[in-house]
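Q: Please find the sequence and the predicted model below.
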Amino acid sequence: MEWLIHRTTAETYIKELINQIERLWAGSGASSELIYLMRLAVSADGEKKESSGDLSRWKNLPGLCCQAAGGHPEWAGDLTVAWLLFYIAAHLMDKIQDQDEPDPWWRERGTGSALSAATGLFFTASLAINQLNTDPRSARVAADIIKSFNNSFLWMASGQYRDMLGPARTLQQYWDRAMAKSGSFFGLACRTGAQLAVRETERLASFERYGQHLGLLIQIKDDLDDLQPPKAVDAYGQNPGLINSLPVVYSFEVFQPELRHRLQQLLVAAPDDAQAAQEIIDLLDQSGAAVYMLTEMERHQYLAIQAIQEAAPLSDARVQLEALINGLAISAR
């Protein structure tokens, strides 16, 4: 389903975003080789139609929140470019850290090329967000929004680093990391988008809560995808994405020691052993992880809808934001 803002079609909106990005690159001094890599990264993200983390799915989020708050979605152009580029770069860094299957464009070029593209996208996003200072419609809140971006990404980087230090072993650790890595990032898009139109602290907090619950729903959806153990493993013979996923963390918390030990053994063996991978699925079913995840999806769905209804009066934009939550919750089941 395409998400529309006023009369602007999704295709036209994406094209304008790409044009804005190209203009930033043209005046940046970046080499043609690096720009080519960055184009590949942006294009690859836009082609992930079935992914919960793709460009086409979330491109309108800041503009929709601006519109739901009483503003015009066009006000959020630079903000949207910055947030999307940060998102694509962070998603790419996350794939590298978790040693996920490489995207086709960097499989042969190697991890170094992917890191270079991510670094370039981070700095391109910085150029975009600083343009808020030059637009009269956003200049009054530019400093606060830029600070929010910087704080959010430091929080997100902290969550990523905790994953490198070791897997989450309690549900509290899991949710803390999920909020840092995903919840805060989507909360940022929604709060800052609305901030272009309103100043009321309580309304902005409600927009932020909506985005946080959206981000946590996305995290749960991504964890469902990790239930198919990939081949890539880290230096310890383990896959970080699977080990840190919600069903695995839940199972470690509820299992008795002998089953926790067995699950740990299977996680090490699963990348090269189809029987071990199937036994993991059986153990996760035994733990009740599926029921827990369904309950959590329903909880975050309810809290997100409640938050956006507190934040904004009924409008086409709010209806679209509600539909975004409901559609994601259904697709994750």
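A: Okay, I see it.
Q: can you pull the pLDDT of the most far-flung residue of the chain relative to its centre?
A: Largest separation from the mean C-alpha position in the chain: Glu258, at 34.9 Å (CA atoms, centre = their mean). pLDDT, Glu258: 95.
Q: Look up how far Gln265 lies from it.
A: Glu258 sits at a distance of 11 Å from Gln265 (criterion: CB to CB, to the nearest Å). C-beta here means a position set from N, CA and C on the backbone, and glycine is covered the same way.
Q: And for Cys66?
A: Using CB to CB, we find Cys66 at a distance of 50 Å from Gln265.
Q: now do Ser32
A: Distance from Ser32 to Gln265, by CB to CB: 50 Å.
Q: same deal with Tyr161?
A: Distance check for Tyr161 against Gln265: by CB to CB, it reads 27 Å.
Q: Skipping adjacent residues, who's closest to Asn326 in space?
A: With sequence-adjacent residues excluded and distances taken as CB to CB, 6 or more residues apart in numbering, Asn326 is closest to Gln301, at 6.9 Å.
Q: in a helix, that's where the one you found is, yeah?
A: Yes: assigned with DSSP: H, G, I helix; E, B strand; the rest coil, Gln301 falls within a helix.
Q: so it touches Ile325, yeah?
A: Yes: Gln301 is in contact with Ile325 according to CB atoms under 8 Å; the separation is 5.7 Å.
Q: Need the overlap of contacts for the two.
A: 213, 217 (CB atoms under 8 Å, 6 or more residues apart in numbering).
Q: Show me where the stretch 1-150 of the chain dips below the pLDDT cut-off.
A: Along the stretch 1-150 of the chain, segments meeting pLDDT under 70 span 1-14, 46-56.
Q: the helices in it, which residues?
A: Assigned by DSSP state H, counting those that start in this stretch, the stretch 1-150 of the chain shows helices spanning 10-26, 32-46, 55-58, 61-68, 77-97, 104-107, 111-130, 139-165.
Q: Out of these, which gets nearest to Val198?
A: For the helices of the stretch 1-150 of the chain, the distance to Val198 is smallest for helix 61-68, at 9.1 Å, taking CB to CB.
Q: tell me, what residue is most central in this protein?
A: Centre-nearest of the chain using CA atoms, centre = their mean is Ser182, 5.1 Å out.
Q: Can you name the residues that contact that one?
A: Ser182 is in contact with 215-216, 218-219, counting by CB under 8 Å, 6+ apart.
Q: how does it look with 10 Å?
A: Neighbouring residues of Ser182 by CB atoms under 10 Å, 6 or more residues apart in numbering: 52-53, 90, 94, 156, 159, 211-212, 214-220, 222.
Q: got a winner among those for most neighbours?
A: Within those, most neighbours by other CB atoms under 10 Å means Gly211, with 30 neighbours.
Q: Same question for that one, what's its three-state structure.
A: Gly211 - assigned by three-state DSSP - is helix.
Q: Isn't it up against Met179?
A: No: checked against CB atoms under 10 Å, the pair Gly211 and Met179 is beyond contact range at 11.3 Å.
Q: re the thing from before, and Ala194, which of the helices of the stretch 1-150 of the chain is closest to it?
A: Across the helices of the stretch 1-150 of the chain, closest to Ala194 is helix 61-68 (CB to CB), at 4.6 Å.
Q: centre of the chain versus the closest one, how much separation?
A: Centroid separation for helix 61-68 versus its chain: 17 Å, with CA atoms, centre = their mean, to the nearest Å.
Q: Which strands or helices does that helix pack on?
A: Packed against helix 61-68 by the contact rule (3 or more CB pairs under 10 Å, 6 or more residues apart in numbering; DSSP states H and E) you find helix 77-97, helix 184-195, helix 201-225, helix 289-311, helix 316-332.
Q: I'd like those as CSV, with distance to Ile18 appended.
A: Formatted as CSV, the helices and strands packed on helix 61-68 follow (distance: least, CB to CB, whole Å):
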stretch, distance to Ile18
helix 77-97, 9
helix 184-195, 19
helix 201-225, 23
helix 289-311, 28
helix 316-332, 22
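Q: among those helices, which is nearest Arg140?
A: Closest to Arg140 of the helices and strands packed on helix 61-68 is helix 184-195 (CB to CB; 9.9 Å).
Q: Quick one: work out the angle between that closest one and helix 111-130.
A: 20 degrees (axes from the mean of the first three to the mean of the last three CA atoms, to 10 degrees).
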